[in-house]
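> sequence first, then the predicted structure:
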Amino acid sequence: MGRQARYDAQGALQHVISRGLNREAIFRDPEDYDDLLSRLRFLSRETGMKIHAWSFMPNHFHLLTETGTTPLATFMRRALTGYSLHFNEKYDRVGYLFQGRYKSRLAGSEDYCRTLFAYVNKNPLKHGVVKSITELDCYPWCGHREIVHPRMGDLSCFGKACSLFLSKDAYLKELNHDTQLSDGELSVSGGFNHSRSTKDHPKSLDMVISNTASGHNVSVAALRGRGRTSNLSRAREDFLAEAVHVHGFTITEAAAFLGIALPSASAALARCVSRTDRTTSAV
């Protein structure tokens, strides 16, 4: 089976995870952490990729990225390939360092993004790398420290924290929530869950199709009808991409809502992803 295409338009917010092969260490000393951080800083400036939250643990790392003028795939390939070559040369090893390609998932709603921002920044505490919030405040390889002690030279965590939470106290309150992450699904104890039934989604499919219709200057009825003009086809593709990749609906839910067969919906979604990939690669 081929690998699933990534939806990566400019401005897309994505949660990125990369692990060491067989869960082995990808950082062995402080210089290793600093080396990858320096690469991310450099590539962030060069490509316009924003890294809003980040945390490095001994055998994996998390990022919350916002795509700039360069696709996430290109950004990650340059960062991980360069770091792997450095690591292998330094420790006289051969072979792959990372377990396959990185994993990524779009962060759609603002509520989900707030939760994800806090989750990524407190990951060292979740995995026992630090034992308390006080220790996390001083942990040097995590975006949380920049929020508590803002300084020049780190990534862009502080600015995003201000826009998402409005205050440090609101961010710290979110940090205290019990969050769990499994296979791309982020759940919050006592409340928000990104993977819910259609009627509970933070943005309904009625709202998604209304916005899509307005953006393409067509009617909702035409979008859900049998017309086959190029503009309607493009609008249906964009509706499916937003519903599935941004707001977390299943392709089955979106296809049923649109009134088309599942194979047709899957093909339309693939065309949209391919079109987006060509656009971002040409920038």
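Great, that's in hand.
> tell me how far the helix or strand hosting residue 135 is from the chain's mean position?
Residue 135 belongs to helix 133-138 when assigned by DSSP states H and E. Relative to the mean C-alpha coordinate of its chain, helix 133-138 is positioned 25 Å out (CA atoms, centre = their mean, to the nearest Å).
> same check, this time on stretch 15-27
That offset, for stretch 15-27, works out to 16 Å (CA atoms, centre = their mean).
> measure it end to end?
From its first residue to its last, stretch 15-27 covers 21 Å (CA to CA, to the nearest Å).
> what lies in contact with the helix holding residue 135?
Here helix 133-138 makes contact (CB atoms under 8 Å, 6 or more residues apart in numbering) with 122, 124-125, 130, 142, 144-145, 148-149, 172, 175. Any C-beta I mention is one placed from the backbone N, CA and C, and that applies to glycine too.
> list buried residues within those residues.
Neighbour counting by 16 or more other CB atoms under 10 Å classes 122, 124-125, 130, 142, 144-145, 148, 175 among these as buried.
> mind listing which of the residues you listed are in helices?
124-125, 144-145, 148, 175 (DSSP state H).
> dump those into CSV; add pLDDT and distance to residue 56 as well.
Shown next, in CSV, are these (pLDDT from 0 to 100; distance: CB to CB, whole Å):
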residue, pLDDT, distance to residue 56
124, 93, 8
125, 90, 13
144, 87, 12
145, 84, 12
148, 78, 17
175, 80, 18
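> return the member of the contacts of helix 133-138 nearest to residue 48.
Taking CB to CB as the measure, residue 142 is the one of the contacts of helix 133-138 closest to residue 48, at 22.9 Å.
> what is the closest one paired to in the beta sheet?
As for beta bridges, residue 142 partners with residue 55 under DSSP bridges.
> go ahead and confirm it touches residue 56.
Yes. Counting by CB atoms under 8 Å, residue 142 does reach residue 56; the two are 7.0 Å apart.
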